[in-house]
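Fold the following and give me the result.
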Amino acid sequence: MPQDNMEIVSLLLDRIIELDYQPGELLNEKKLIEEFQVSRTPIREALLKLSEKGFVKMVPRVGTYVSQVDIREIKYAYEVKKNLEVLACELAAERASEEQVQELLAIVDRIEKYRPRLDYKKYIHDDYLFRKIIREASQNPYLQNYLEELNSKTIRFVNYVEYKMENPEWYNESLRIMAQAIEIRNSELAGREMKNHAEIFLNELSKRFFV
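Numbers count the residues shown, from 1 in each chain. Okay, the predicted model is just below:
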């Protein structure tokens, strides 16, 4: 059982991101109260927090719905994220622990074994973990908070469209260059590769979804 309000927020957000709760779905507060064995107040506070971040919509006297996926909002999120991730990658090369470096390299090893179309959910999950480790390794709480919110929106989007990599060889190699640049503490190379990676990926998304 979740121990506090933030754990409830995190659990509900994970369900929204993973599409356990579908866009437009009505969330049953009574069932959530029973499931988490808490009073109505922490559930309402958690939903209010998710509403402030745009993941649910609270309609007075009607209920709380999971927000629809807004393509314009996703495009804006990617535009901001691509620059912040460059900074996070540069800082990670300076500040990442040895354990975080090994986690990044392990993720790259796993991803290279995936079949992009059949294993796309594993691909999306590990790509999310890769970026999560980088932002945590930046050790900048403002950067972590901004990127966490932006990545929550974009990961939900790629799950929603069942995104499958068009050019997995390039993508995998790019992740490996970033991980290795962080390993050898080369912040310039890490940032440059993340910038190149983000621009190519955003261009691909723009052609397929943002027209």
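
Please name the nearest non-neighbouring residue to Thr154.
Ala77 (5.5 Å; Cβ to Cβ, 6 or more residues apart in numbering). Quick note: C-beta positions are derived from backbone N, CA and C, even for glycine.

OK, contacts around the residue nearest the centre of the chain?
Centroid check for the chain by Cα atoms, centre = their mean gives Asn151 as the closest residue, at 3.1 Å. By Cβ atoms under 8 Å, 6 or more residues apart in numbering, the contact list for Asn151 reads Lys81, Tyr128, Arg131, Lys132, Arg135.

Check what pLDDT Met1 gets.
Turning to Met1, the model gives it a pLDDT of 65.

Of the contacts of Asn151, just the buried ones, PyMOL syntax please.
Remark: buried members of those, expressed as a PyMOL selection using 16 or more other Cβ atoms under 10 Å:
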select buried, resi 81+128+131+132+135
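
Tell me the secondary structure of the nearest residue to Pro168 once chain neighbours are set aside, please.
The spatial neighbour of Pro168 that comes closest, neighbours along the chain excluded (Cβ to Cβ, 6+ apart), is Pro116 at 4.3 Å. Each residue gets one of three states, and Pro116 gets coil by DSSP: H, G, I helix; E, B strand; the rest coil.

Check which helices and strands the lengthiest helix in the chain is in contact with.
The residue-count maximum for a helix in the chain (DSSP state H) belongs to helix 71-95. Applying 3 or more Cβ pairs under 8 Å, 6 or more residues apart in numbering; DSSP states H and E, we find helix 71-95 packed against helix 120-137, helix 141-160, helix 168-183, helix 187-209.

can you list those in a markdown table and add distance to Asp70 and mean pLDDT?
Below are the helices and strands packed on helix 71-95 laid out as a markdown table (distance: least, Cβ to Cβ, whole Å; pLDDT from 0 to 100):
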| stretch | distance to Asp70 | mean pLDDT |
| --- | --- | --- |
| helix 120-137 | 19 | 95 |
| helix 141-160 | 9 | 95 |
| helix 168-183 | 25 | 96 |
| helix 187-209 | 12 | 93 |
